[in-house]
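[1] Quick one: sequence plus predicted model below, questions after.
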Amino acid sequence: MIRFALALFAIVCLVLPAGAERLFSSVSTETVQITSSFDGERLTFFGTIAPDAGAEQKFVEGPFHVVVVVVGPTQDRVARKKTNNFGVWLNTEQVEFKGFPSYFHVLASTRLRDITDVNTLTTNYILPESHAISPNPAGWWQTLNFGHELIRLMSEQDLFGVQENGVLFHSESFYSAQLTLPSNAPPGPYIAQTYVFKDGEIVARKSDGFAVRKIDFERFVALSATQYPLLYGLACVALALFTGWLGGVLFRR
């Protein structure tokens with residue numbers, strides 16, 4: 001019995017890290033409001049690394065690296081490929097991605113490949129390419145190619161991005177990071193997943209949420225388009241006809 005207890009204690013010592021850390025993190029705002037004059041908003045993520053509850057150590061020992069992954073609402077997306085057929089460009093191939101992020105941005109304290117290995121980055125969905133290699137009926141190669149193109153297109157719209165110097169350490173255990181949401185940031189719930197690395201391993205992590213919401217007239221238009229699509233369509237047609245008639249009257253004068 002004593003030998004079994006000693007063996008169990010040795011296994012626990014091997015599994016558990018020698019110095020356990022925990023993370024206290026937060027985001028500067030819980031709600032980003034989209035109005036007619038919305039041209040983006042800057043968010044600040046900050047936190048501190050402390051010894052885990054019950055740990056004997058009073059101070060944490062680095063060096064640490066921090067990676068903040070900001071993910072927007074997920075949705076099904078279809079990537080299509082156009083080819084020229086006898087002078088006409090047609091969609092000939094497509095791959096559908098289930099639960100693909102509408103926004104994905106990574107902030108890191110240094111180069112990601114210097115923080116940890118590619119396998120850890122991929123399995124924790126820290127790399128943008130991680131979402132392009134998920135299992136898909138289209139096949140691995142097709143999914144990878146179309147996923148890379150989808151990420152490239154969304155990066156051009158500032159919806160995907162990586163800043164490998166986006167996290168700054170103000171002390172050995174306190175950090176901050178800033179991110180500017182673009183004006184075309186999709187509304188919905190967002191998650192900021194923060195990872196703390198030490199010697200290439202994840203020693204602490206924490207999630208913080210915030211929301212991007214449309215308010216005032218923009219919210220009214222968005223709700224009308226989704227809840228009353230027929231009336232919304234008729235109102236758009238009526239407004240277009242009225243605008244065309246008014247323009248004709250003004251220019252006739």
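    Alright, I've got the coordinates.
[2] Please enumerate the helices of the stretch 151-253 of the chain.
    Taking DSSP state H, counting those that start in this stretch as the criterion, the stretch 151-253 of the chain carries its helices at 216-227, 229-252.
[3] least reliable of those helices going by mean pLDDT?
    Here those differ in mean pLDDT, and the lowest is helix 216-227 at a mean of 49.
[4] so where's the stretch 1-150 of the chain uncertain?
    For the stretch 1-150 of the chain, the stretches with pLDDT under 70 are 1-19, 54-56, 86-87, 90-91, 135, 138.
[5] switch to 50 and redo it
    The stretch 1-150 of the chain contains residues with pLDDT under 50 at 1-18.
[6] which residues in it form helices?
    2-15, 112-115, 118-123, 140-156.
[7] What residues does residue 38 make contact with?
    residue 183 (C-beta atoms under 8 Å, 6 or more residues apart in numbering). All C-beta spots, glycine's among them, are computed from the backbone N, C-alpha and C.
[8] what distance separates the start and the end of stretch 57-75?
    End-to-end span of stretch 57-75 (C-alpha to C-alpha, to the nearest Å): 44 Å.
[9] and that stretch, which residues are buried?
    Across stretch 57-75, burial judged by 16 or more other C-beta atoms under 10 Å covers 60, 64, 65, 66, 67, 68, 69, 70, 71, 72, 73, 74.
[10] try stretch 82-97
    Within stretch 82-97, the residues that count as buried by 16+ other C-beta under 10 Å are 95, 97.
[11] At the geometric centre of this protein, which residue do we find?
    The centroid of the chain falls nearest to residue 71 when counting by C-alpha atoms, centre = their mean (2.0 Å).
[12] right, and residue 172 touches residue 65 too?
    No - applying C-beta atoms under 8 Å as the test, residue 172 and residue 65 come out as separate, 11.9 Å apart.
[13] now the strands for the stretch 1-150 of the chain?
    Using DSSP state E, counting those that start in this stretch, the strands of the stretch 1-150 of the chain run over residues 21-27, 31-34, 41-51, 65-71, 74-85, 88-101, 104-108.
[14] For residue 209, find the nearest of these.
    strand 21-27 (8.1 Å; C-beta to C-beta).
[15] Report all helices and strands that the closest one contacts.
    Applying 3 or more C-beta pairs under 8 Å, 6 or more residues apart in numbering; DSSP states H and E, one finds that strand 21-27 contacts strand 41-51, strand 188-198, strand 201-214.
[16] Any idea how many residues pack against residue 210?
    By other C-beta atoms under 10 Å, 18 other residues sit near residue 210.
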